[in-house]
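[1] A structural model of the following input is requested.
(one chain, ligands or ions: 2)
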Amino acid sequence: ASSTGRVSATWLRASFARSLSELYGSEVPAYTTLVEVSEQVNADVLASRDDAERLGTIERVTAERHGAIRLGTAEEMAQVARIFGACGMYPVGFYDLREASPAIPVVSTAFRPLDRDELAANPFRVFTSMLVVDDRRFFDEGLEAELRAFLAERVLFPEELLALADRAEAEQGLTRDEGDRFIELATAAFALSPDPVDRDWYARLEAISSVAADIGGVASTHINHLTPRVLDIDDLYARMTERGIEMIDRIQGPPRTDKPDVLLRQTSFRALAEPRTFTDADGSLSTGQLSVRFGEVEARGVALTPKGRNLYDTHGIDAFPETEEELDAQDLAYYVRDAAGGLAPIVYEDFLPKSAAGIFASNLTSDGSVDATREGAARDATWLQAVLRRELHDPYALYDAERSAGAVR
Ligand code: OOG
Ligand code: NI
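    Ligands and ions are numbered 1, 2, ... in the order given. Prediction:
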């Protein structure tokens, strides 16, 4: 786009992903190492395997990132939906991390492109979580009220950014100058804030859940990881370990087998301690540390149907057949037929709640305290859709539609 031309949602999404990646790399050096090693692994796979691009072109995979953010209120969720909407990213799926072990006091969705063409152009996605402030297993009435008051005070996204987001959606794009400004403001909204953190407030929340402190203990939000995609995650894991970067002890998701790759495999390194300014009870400022930003990498396989997912959740990967033909014939995974009649996998574009909980858990800085005898708070996809004020897409409906549209069955 020239400086007088217009920029599209696709341009905004690709630019946003690139801009966040530059920011994160400048602030979290281990992320840069992770990206470099990922690119080496991908180049090696491309050179050594004929089918290297079966699950996505090297252009897509090289640019591919997902990030994660954590928010506190319905208002913030609706606002971020507008910002991502400008980038052609829409909420898909409902994840309740309170059902995980250990329970994390959030419910989540992922903002991502919906159409295959848009995914191919740039698949940037952001796993977005919202604190459940009225879940009594974590927060009593008093603390809920304090949390709500604290969260109501803060402004995460400036009016100018929201106005540009709305214009981009209404007018199907922005001028190049507006687009640049949108990217600048959106990136800044997810940078780590230098503002002082109230030490006592943060510590009170951290005693209950470090995720609650990360969300409700500060007056800002931040990207907490940015994840590149690799074509061989076992190789990546070994190379990172060789370079002296300590990864969590395992790769999450389906174990490596000789069977077709399904769903999503992920691994991460722990959050690094970063200096932060704190306000103490007497009003004085002091320096301390918080560990809130980490690194993660992932490998993606074919999307499973509800039947396939149920088999995976109940019996694991061992119960799966050996070949793609059988996965397709038994309606366990999503494929379309290519022009030559061969099977083309539909890539899994979403997340796994167990792995997500594992990612959260590997970065908890306190054991927390959960009172399991108290009442939770009801949350489901319908509730989240109302909060977002836009359609919450069902991932299976998207995969089904894609298979139907592309299938010669
Ligand atoms: C999100 C963790 C979930 C993933 O890849 O499963 C996630 C978070 O820590 O906020 O990003
Ligand atoms: Ni992640």
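[2] So what sits opposite the residue of the stretch 251-400 of the chain at minimum distance from ligand 2 in the bridge?
    When you check the stretch 251-400 of the chain against ligand 2 by C-beta to the ion, the closest residue turns out to be Glu296, at 4.7 Å. C-beta: built from backbone N, CA, C; applies to glycine. For Glu296, the beta-bridge partners are Ser268 (DSSP bridges).
[3] Quick one: residues contacting it.
    Contact partners of Glu296, counting by C-beta atoms under 8 Å, 6 or more residues apart in numbering, are His225, Thr227, Gln266, Thr267, Ser268, Phe269, Ile359.
[4] Quick check, pLDDT for Ala378.
    What the model reports as pLDDT for Ala378 is 92.
[5] out of the contacts of Glu296, who has the most neighbours?
    Counting neighbours by other C-beta atoms under 10 Å, Thr267 comes out on top of these with 27 neighbours.
[6] So what's the residue count around Val347?
    Val347: 21 neighbours (other C-beta under 10 Å).
[7] ok, what's across the strand from it?
    Partner residues in beta bridges with Val347, using DSSP bridges, are Val302.
[8] Can you give me the pLDDT of it?
    According to the model, Val347 carries a pLDDT of 96.
[9] Ligand 2 contacts on this structure?
    Residues of the chain lying close to ligand 2 (C-beta under 5 Å from the ion) are Thr227, Glu296.
[10] low-confidence ranges in the chain?
    1-4, 407-409 (pLDDT under 70).
[11] ranges for the strands of this protein?
    Under the criterion DSSP state E, the chain contains strands at 6-7, 65-71, 90-96, 106-112, 125-131, 174-175, 197-198, 225-228, 264-279, 285-300, 335-337, 343-345.
[12] would JSON lines of these with distance to Val218 be doable?
    Supplementary listing: the strands of the chain in JSON lines, determined by distance: least, C-beta to C-beta, whole Å:
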{"stretch": "strand 6-7", "distance to Val218": "32"}
{"stretch": "strand 65-71", "distance to Val218": "10"}
{"stretch": "strand 90-96", "distance to Val218": "23"}
{"stretch": "strand 106-112", "distance to Val218": "15"}
{"stretch": "strand 125-131", "distance to Val218": "12"}
{"stretch": "strand 174-175", "distance to Val218": "30"}
{"stretch": "strand 197-198", "distance to Val218": "5"}
{"stretch": "strand 225-228", "distance to Val218": "17"}
{"stretch": "strand 264-279", "distance to Val218": "9"}
{"stretch": "strand 285-300", "distance to Val218": "9"}
{"stretch": "strand 335-337", "distance to Val218": "45"}
{"stretch": "strand 343-345", "distance to Val218": "41"}
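[13] Phe157 is nearest to which of those?
    strand 65-71 (10.2 Å; C-beta to C-beta).
[14] and the direction of the closest one versus that of strand 106-112, what angle?
    With axes from the mean of the first three to the mean of the last three C-alpha atoms, to 10 degrees applied, the angle from strand 65-71 to strand 106-112 works out at 140 degrees.
[15] Pick out the residue nearest the middle of the chain.
    Taking C-alpha atoms, centre = their mean as the criterion, Phe127 is the residue nearest the geometric centre of the chain, at 2.7 Å.
[16] any chance of the strands of the chain in TSV, with distance to ligand 1 too?
    Formatted as TSV, the entries for these read as follows, by distance: least, C-beta to the nearest ligand atom, whole Å:
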stretch	distance to ligand 1
strand 6-7	28
strand 65-71	4
strand 90-96	8
strand 106-112	7
strand 125-131	4
strand 174-175	28
strand 197-198	18
strand 225-228	6
strand 264-279	6
strand 285-300	6
strand 335-337	24
strand 343-345	20
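[17] Leu264 reaches Lys354, doesn't it?
    No - Leu264 sits out of contact with Lys354 when judged by C-beta atoms under 8 Å, with a separation of 10.4 Å.
[18] More neighbours: these two, which one.
    Per other C-beta under 10 Å, whichever of Leu264 and Lys354 has more neighbours is Leu264, with 23 against 15.
[19] Output the residue of the stretch 301-409 of the chain whose distance to ligand 1 is smallest.
    Sorted by distance to ligand 1 under C-beta to the nearest ligand atom, the residues of the stretch 301-409 of the chain start with Ala356, at 3.4 Å.
[20] tell me the contacts of the residue nearest to Leu231 when sequence neighbours are not counted?
    In space, Leu231 comes closest to Val45 once its chain neighbours are excluded; the distance is 4.0 Å by C-beta to C-beta, 6 or more residues apart in numbering. The contact partners of Val45, taken as C-beta under 8 Å, 6+ apart, are Ala52, Leu231, Asp232, Asp235.
[21] which bits of the stretch 51-200 of the chain sit near ligand 1?
    For the stretch 51-200 of the chain, the residues in contact with ligand 1 (C-beta under 6 Å from any ligand atom) are Ala68, Arg70, Phe127, Ser129.
[22] Report the contact partners of Arg18.
    If you count contacts by C-beta under 8 Å, 6+ apart, Arg18 has them with Ala63.
[23] Against Pro306, how distant is it?
    According to C-beta to C-beta, to the nearest Å, Arg18 and Pro306 sit 35 Å apart.
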